[in-house]
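Peer 1: Here is a sequence with its predicted model. Questions after.
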Amino acid sequence: MTESTMEKIVSLCKRRGFVFPGSEIYGGLANSWDYGPLGVELKNSIQQLWWRRFVQSRDDMVGLDAALIMNPKVWEASRHVAGFSDPLVECKKCHERFRADSVNLSNPCQNCGAEKQFTEPKQFNLMLKTFLGPAEEQANVVYFRPEIAQAMFVNFKLAQETARKKLPFGIASQGKAFRNEITPGNFIFRTREFNLMEFEYFIEEKDWEKWFEYWRGEMKKWLTEDLGVNYKKVHEVEIPDGERAHYSKRTIDFEYEYPFGQKELYGLAYRTDFDLKNHFKEAPYRDPETGEEFYPHVIEPTFGLDRSVLVALLEAYHEDEERTVLKLPPKLAPYKAAVFPLLANKPELVKLAREIYDDLRKHFTVAWDDRGNIGKRYYSQDEAGTPFCVTVDFDSLEKNDVTVRDRDTAKQERVSIKELRKYIHGKIFN
């Protein structure tokens, strides 16, 4: 993959309705992106698969959907107010600002060419600030959450008691977070408003290494089995002492080979008991067998949803001599199938095709297309990642079957209309 691959994917995303530039009719907003009709379906598919794998299919996990804005005391206790910052430098000539750890301070500034004209680094807090109430004064300052983890810690005792869970167990959440990044960019890779999927897995301290390795393996399974990632492009990078977050005793970054370089995709951290001790004055967990009260330790797997979408698109993008194909895993594809009448001007074909379409869309996301010739319709669906195209032709009227074309191989097969739903379901989910 090269920079040109990235440009092609950005273009395809806009053209086909995966991702649009935010506020485009008003000139846009830097690094702001909106998910279009196909992008919403892809994103939702990833979220739902993640929730099913890590929450619904397990008996040691419960869910939480928390508010975006929390009491600011939460962020004081977690040390975000005091220490959630990046080093910032400013070019004295053009006044462009950069993260100090992302530029070579001895080289010319990337925009104006001035040499060694940077200010001294200073810390820049990344939290987005706003006000609650009519007065914009310090007493009314609140923050949009810069991460989704703290709500799971704050609600630990309530979730554990109401769900009646005992260690080890996890609390999972999905949702938006906000960071006033100094240098966002690379499409949806780094934005100021982004989506996370993660859980806090609460354990006894003595078991942390066992559970760290377990979740390391489960994250690899998710990447390969559900997201369809070639694991040769993933690198598990051990973060050394001095570079880890202050709360972490061990962290691994799952880095991916993007067209713009090897950078972080997911993270896995052992947060010890740091967070629960900050939020609870007394131990929040009582062992139901021994009666011992203590602070559980935490393993935290973090999955960036927007980066998951980006990597799924990068892995799926293929070109051959005649067409562009998104070879998305069928269970991730925005449309699971598309239904065509061979000819749009033949009412009997359109009628049967609509009946099939109406039946299938009760069970899957399905596209309808009767524009242009059949070849162009196939190529259009290939570009959208639709794994199966169902064509109703004149033989369908007599034999009660249809032609089903496979996206990846372009091979066609006749399938009985009665068996069609079962056939597609089996191809997608088996």
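Peer 2: Thanks, I have the structure now.
Peer 1: Using the record's assignment, carve the chain into domains.
Peer 2: 3-70+144-315, 337-429 (automatic domain parsing).
Peer 1: what's the first-to-last distance across the shortest one?
Peer 2: If I follow you right, that is domain 337-429. By CA to CA, to the nearest Å, the extent of domain 337-429 from end to end equals 13 Å.
Peer 1: phi, psi of the residue most central in space within the chain?
Peer 2: In the chain, the residue lying closest to the centroid (CA atoms, centre = their mean) is Leu305, at 1.0 Å. With angles defined as degrees, to the nearest 10, Leu305 sits at phi -70, psi -40.
Peer 1: cool, Leu64 as well?
Peer 2: phi -150, psi 140.
Peer 1: That one touches Thr162, doesn't it?
Peer 2: No. With contacts counted by CB atoms under 8 Å, Leu64 stays clear of Thr162, the gap being 11.0 Å. Placement of C-beta: from N, CA and C, glycine included.
Peer 1: How many residues are close by Asn345?
Peer 2: 8 (other CB atoms under 10 Å).
Peer 1: That one belongs to a strand, doesn't it?
Peer 2: No. Assessed by DSSP: H, G, I helix; E, B strand; the rest coil, Asn345 does not belong to a strand; its assignment is coil.
Peer 1: Please report how far it lies from Leu397.
Peer 2: 15 Å (CB to CB, to the nearest Å).
Peer 1: how about JSON lines for the domains of the chain, with mean pLDDT added?
Peer 2: JSON lines is the format used below for the domains of the chain (pLDDT from 0 to 100):
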{"stretch": "domain 3-70+144-315", "mean pLDDT": "95"}
{"stretch": "domain 337-429", "mean pLDDT": "95"}
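Peer 1: Compare these and give me the one nearest Leu126.
Peer 2: Within the domains of the chain, the stretch nearest Leu126 is domain 3-70+144-315; the backing value is 4.5 Å (CB to CB).
Peer 1: Go ahead and measure how far that closest one is from the middle of the chain.
Peer 2: The chain centre lies 8 Å from the centre of domain 3-70+144-315; the measure is CA atoms, centre = their mean, to the nearest Å.
Peer 1: Could you check which helix or strand contains the nearest residue to Phe340 once chain neighbours are set aside?
Peer 2: Among residues not flanking Phe340 along the chain, Thr391 sits closest, at 4.8 Å (CB to CB, 6 or more residues apart in numbering). Here Thr391, judged by DSSP states H and E, is contained in strand 388-392.
Peer 1: Which of the domains of the chain sits closest to Glu321?
Peer 2: Of those, nearest to Glu321 by CB to CB is domain 337-429, at 12.0 Å.
Peer 1: which stretches of the stretch 51-200 of the chain form helices?
Peer 2: For the stretch 51-200 of the chain, applying DSSP state H, counting those that start in this stretch gives helices covering 72-77, 80-83, 149-154, 156-163.
Peer 1: need those in JSON lines with mean neighbour count and distance to Phe429, can you?
Peer 2: Shown next, in JSON lines, are the helices of the stretch 51-200 of the chain (neighbours: other CB atoms under 10 Å; distance: least, CB to CB, whole Å):
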{"stretch": "helix 72-77", "mean neighbour count": "16", "distance to Phe429": "40"}
{"stretch": "helix 80-83", "mean neighbour count": "14", "distance to Phe429": "41"}
{"stretch": "helix 149-154", "mean neighbour count": "23", "distance to Phe429": "30"}
{"stretch": "helix 156-163", "mean neighbour count": "16", "distance to Phe429": "29"}
